[in-house]
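> for reference, the sequence and a predicted model appear below.
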Amino acid sequence: MPNTSHPFTALLQKRIVVLDGAMGTTLQRLGLTEADYRGERFRDWTGKDLKGAIELLLLTKPEAVERVHEEYLRAGADVIETNTFSATTIGLHEFLFAGKPNDGGKDPEFFERIVREKRPIGSATKPANNVLWPVRLVHSP
């Protein structure tokens with residue numbers, strides 16, 4: 001018999017669980033500018049333009065990310081995913097951060113409220129675009 005002591009497990013036993021939807025494309029609909037992506041924290045950034053670095057919005061415009069989460073909750077989502085799809089050293093390297101900033105994915109007030117409402121939180125990270133180890137051609141004799 002399955003363990004249904006956790007509310008999420010119990011919910012899975014009762015019905016299909018609805019996850020939220022795409023974060024990046026939904027944020028794109030908001031028409032955010034380069035200045036929105038930079039915020040105060042990266043106002044003087046001299047590297048590549050940051051528009052499109054969706055995960056940085058957790059640090060520079062968290063209200064936009066929270067707005068998307070709220071829309072999914074109102075639409076009936078049971079599970080909210082963190083806005084961390086490319087928030088890895090490799091993912092942020094595309095914008096020449098090379099390991100910075102490492103405090104992404106933190107929106108404590110919002111996620112504390114979600115937990116109080118007993119809604120599950122999921123996390124998503126995409127596969128790397130870059131090769132993580134040296135690749136060699138192997139020829140069989």
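Nice, thanks for sending it over. Numbers count the residues shown, from 1 in each chain.

> roughly how far does A53 sit from L59?
10 Å (C-beta to C-beta, to the nearest Å). Just so you know, the C-beta spots here come from the backbone N, C-alpha and C atoms, and that holds for glycine as well.

> how about H69?
H69 sits 16 Å away from L59, going by C-beta to C-beta.

> higher neighbour count, those two?
Set H69 next to L59 and count neighbours by other C-beta atoms under 10 Å: H69 wins out with 23 against 20.

> which element is that one on?
Per DSSP states H and E: H69 is located in helix 62-74.

> for the chain, where's the lowest mean pLDDT among helices and strands?
helix 108-116 (a mean of 52; mean pLDDT, DSSP states H and E).

> ranges for the strands of the protein?
80-81, 121-122 (DSSP state E).

> what sits against the residue nearest to D49 when sequence neighbours are not counted?
Leaving out its chain neighbours, the residue that sits closest to D49 by C-beta to C-beta, 6 or more residues apart in numbering is E34, at 5.7 Å. Contacts for E34 (C-beta atoms under 8 Å, 6 or more residues apart in numbering) come out as 49-51.

> which among those residues count as buried?
50-51 (16 or more other C-beta atoms under 10 Å).

> just for the protein, where's the confidence low?
For the chain, the stretches with pLDDT under 70 are 1-4, 85-141.

> adding distance to I16, write the contacts of E34 out as CSV.
Formatted as CSV, those follow (distance: C-beta to C-beta, whole Å):
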residue, distance to I16
D49, 40
L50, 37
K51, 36
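
> go through the contacts of E34 and say which is closest to R38.
Comparing the contacts of E34 against R38 with C-beta to C-beta places L50 closest, at 5.5 Å.

> list the residues that contact the residue nearest to the closest one when sequence neighbours are not counted.
Distances taken as C-beta to C-beta, 6+ apart put Y37 closest to L50, at 4.2 Å, once the chain neighbours are dropped. For Y37, the contact set (C-beta under 8 Å, 6+ apart) comprises 49-53, 56-57, 60-61.
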